[in-house]
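**Student:** Have a look; sequence and predicted model below, questions after that.
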Amino acid sequence: MHNLNKIKCFLLDMDGTIYLGGRLIPGALEFLDILKNQEKRYIFLTNNSSKGKDAYIKKLSGLGIEVGKDMVYSSGDATIYYINNIKPGARIFLLGTPTLEEDFRSAGFEIVKERDREIDFVVLGFDTTLTYEKIWIACDYIKAGATYIATHGDIVCPLEDNKTMPDVGAMIEMIKAATGQAPKIMGKPEEPIIEAITEKYSLKREEIAMVGDRLYTDIKMGEVAGITSILVYSGETTEELYSSSDIRASYEFPSVKELGDAIIKDKSEAFIVK
């Protein structure tokens, strides 16, 4: 357990942690100001690989939070980092949005769209432009032995009014049914995204805390990656849901407002999960 004041970088989930839909969580701006005043880095971390950094920067700006591209990191970024370490310039069959495709091209990868080509990887992202043809070609490449990677494993993506849309995890299950193969997953709560962040931002794991409202991604990552995890009850997880879960956080707070107060007043011990 690390004292919160020893943490140098806070990884921040967004929806349910900093904002809900189109409105800020009360105290969120003040919390970010506290981190700035304490000279602590914060990075907005998302599993959603369907959108580019510009979309998040615009969303945050509209809520009064000004950030640069270096302050937003996604599962798509972690995937690019991972593949670049294995094979720069790799040939990839990508199931992803045009934005994700552009990110991969900008990183120097060759995007293959046809059948019967020599490829290195099949990459499954949150593809809201998914077609039957894409699925079919991907399955053929996977069955032929191409290395298979997914940006993240979330089953559904939450929307406003308690609605959801199918996310990468649902697509993983469909492809697994057809090929018998499961991918290596890059995003929360898996190791690769933390490995990428520690390398990119020159951080040690004991200097990082993940702040979020989802047990099976944000808080689970604390257990998987060996970093401090901070649960907030401003989004998906309720105290009742947490009490019945076997996933444990390092700390729990009602919201980032109370987290900020604890950092200032050094009252974090009161919020350690026993």
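**Tutor:** Here it is on my side, so go on.

**Student:** C-alpha only now, for contacts and for neighbours.
**Tutor:** OK.

**Student:** I figured H152 hits G169, correct?
**Tutor:** Yes: counting by C-alpha atoms under 8 Å, G169 is a contact partner of H152 at 7.3 Å.

**Student:** of the two, who's got more company?
**Tutor:** Set side by side, H152 and G169 show more neighbours around H152, with 32 against 20, by other C-alpha atoms under 10 Å.

**Student:** Mind giving me the packing neighbours of the least confident helix or strand in the chain by mean pLDDT?
**Tutor:** Every helix and strand in the chain was compared by mean pLDDT, DSSP states H and E; the lowest is strand 156-158, with a mean of 85. The contact analysis (3 or more C-alpha pairs under 8 Å, 6 or more residues apart in numbering; DSSP states H and E) places strand 156-158 against strand 164-166, helix 168-179.

**Student:** Nearest to E195, out of the ones you listed?
**Tutor:** Closest approach to E195 among the helices and strands packed on strand 156-158 (C-alpha to C-alpha): helix 168-179, 21.1 Å.

**Student:** now whichever helix or strand comes after the closest one: mean pLDDT?
**Tutor:** Following helix 168-179 in sequence order, the next helix or strand is strand 184-185 (DSSP states H and E). For strand 184-185, the mean pLDDT works out to 98.

**Student:** Likewise for stretch 124-140?
**Tutor:** The model assigns stretch 124-140 a mean pLDDT of 97.

**Student:** which stretches of the stretch 1-150 of the chain form helices?
**Tutor:** Assigned by DSSP state H, counting those that start in this stretch, the stretch 1-150 of the chain shows helices spanning 28-37, 53-62, 75-86, 98-106, 132-143.

**Student:** closest one to E160 among the ones you listed?
**Tutor:** Nearest of those (C-alpha to C-alpha): helix 53-62, 15.1 Å.

**Student:** related to what we said a few turns ago, what's the least confident stretch among the helices and strands packed on strand 156-158?
**Tutor:** Lowest mean pLDDT within the helices and strands packed on strand 156-158: strand 164-166, a mean of 90.

**Student:** Can you list the strands that the least confident helix or strand of the chain pairs with?
**Tutor:** strand 164-166 (antiparallel) (DSSP bridges).

**Student:** Return the set of buried residues in the strand it pairs with.
**Tutor:** Residues of strand 164-166 include none that count as buried (16 or more other C-alpha atoms under 10 Å).

**Student:** OK, contacts around the residue nearest to L95 when sequence neighbours are not counted?
**Tutor:** Among residues not flanking L95 along the chain, L124 sits closest, at 4.9 Å (C-alpha to C-alpha, 6 or more residues apart in numbering). Taking C-alpha atoms under 8 Å, 6 or more residues apart in numbering, we find L124 in contact with 94-96, 148-151, 168.

**Student:** between those residues, which is closest to V72?
**Tutor:** So of the contacts of L124, ranked by how close each gets to V72 (C-alpha to C-alpha), first place is T151, at 15.6 Å.

**Student:** For the closest one, give me phi and psi.
**Tutor:** phi -60, psi -40 (degrees, to the nearest 10).

**Student:** Would you check that it makes contact with S50?
**Tutor:** No: with contact defined as C-alpha under 8 Å, T151 and S50 do not form a contacting pair (9.9 Å).
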